[in-house]
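K.L.:
The following block contains a protein sequence and its predicted model.
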Amino acid sequence: FLDDPIQSMGGRSTITTSLPSAGLDSLGLRNYFKRLGLTEAELVALSGAHDLGRHVTLTGMPKGCLRNLTRSCLEDAPVLAPFITADPDTLSNRYFWTMLRWNGKDIEFGEAAFIPTDVALVVDDGLKKYVVAFANDEQLFFKRFRTAYRKLVDSTATTKSRF
């Protein structure tokens, strides 16, 4: 899928890997998902999956691991924090309204852990309109997510080497 890097004007917009970098800006996100045949609404909907799961934090990690962060350090990390603290095992539109609260500076410390691509969705007005729409209508989010996920799988899982 990514034979040549997708070049752009800015460093954070350039795509050099087959998975989107967590540091992409809004232009980089658009470029990446457009190449997969997805719309802006669909790229925002897929980002809603960040509502699920947990991430490794450095809190409580032994100093040896902090100096030399290895795979075993990450796998045995003492703290796995949810990206969004309320119910990280259920997909909902919570991610979107939490991002809007973050953008309005109405969020408690530790309530959510966003990566730069998440932030790009609320600081870019063209993408933020979808964040607002999905925050206000969970069924719309689910509908767009289903469509986007199906398109993502159909566009990337086209050969046996992808499985």
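P.N.:
Yep, that arrived.

K.L.:
so where is this structure shaky, pLDDT-wise?
P.N.:
The model of the chain has pLDDT under 70 over residues 1-18, 55-59, 74, 77-82, 85, 157-163.

K.L.:
what residue is smack in the middle of it?
P.N.:
residue 47 (4.4 Å; C-alpha atoms, centre = their mean).

K.L.:
May I ask which helix or strand encompasses that one?
P.N.:
helix 40-47 (DSSP states H and E).

K.L.:
got the contact list for that helix?
P.N.:
29-30, 32-33, 38, 95, 117-118, 121, 126-127, 130-131, 133-134, 141, 144-145, 147-149, 151-152 (C-beta atoms under 8 Å, 6 or more residues apart in numbering). Heads up, the C-betas are built off the backbone N, CA and C, glycines and all.

K.L.:
so of these, which ones are in helices?
P.N.:
29-30, 32-33, 95, 117-118, 121, 126-127, 130-131, 133-134, 141, 144-145, 147-149, 151-152 (DSSP state H).

K.L.:
And the residues you listed, which of them are buried?
P.N.:
Neighbour counting by 16 or more other C-beta atoms under 10 Å classes 29-30, 32-33, 95, 117-118, 121, 127, 130-131, 133-134, 141, 144-145, 148, 151-152 among the ones in helices among the contacts of helix 40-47 as buried.

K.L.:
Hmm, residue 52 and residue 89 touching each other?
P.N.:
Yes - counting by C-beta atoms under 8 Å, residue 52 is a contact partner of residue 89 at 7.0 Å.

K.L.:
who has more neighbours, those two?
P.N.:
residue 52 (16 against 9; other C-beta atoms under 10 Å).

K.L.:
now the more buried one: how far from residue 87?
P.N.:
9 Å (C-beta to C-beta, to the nearest Å).

K.L.:
now residue 107
P.N.:
16 Å.

K.L.:
next one: residue 142
P.N.:
16 Å.

K.L.:
And for this structure, the residue most distant from the center?
P.N.:
Within the chain, counting by C-alpha atoms, centre = their mean, residue 64 lies farthest from the centre, at 29.5 Å.

K.L.:
Perfect, I'm done here.
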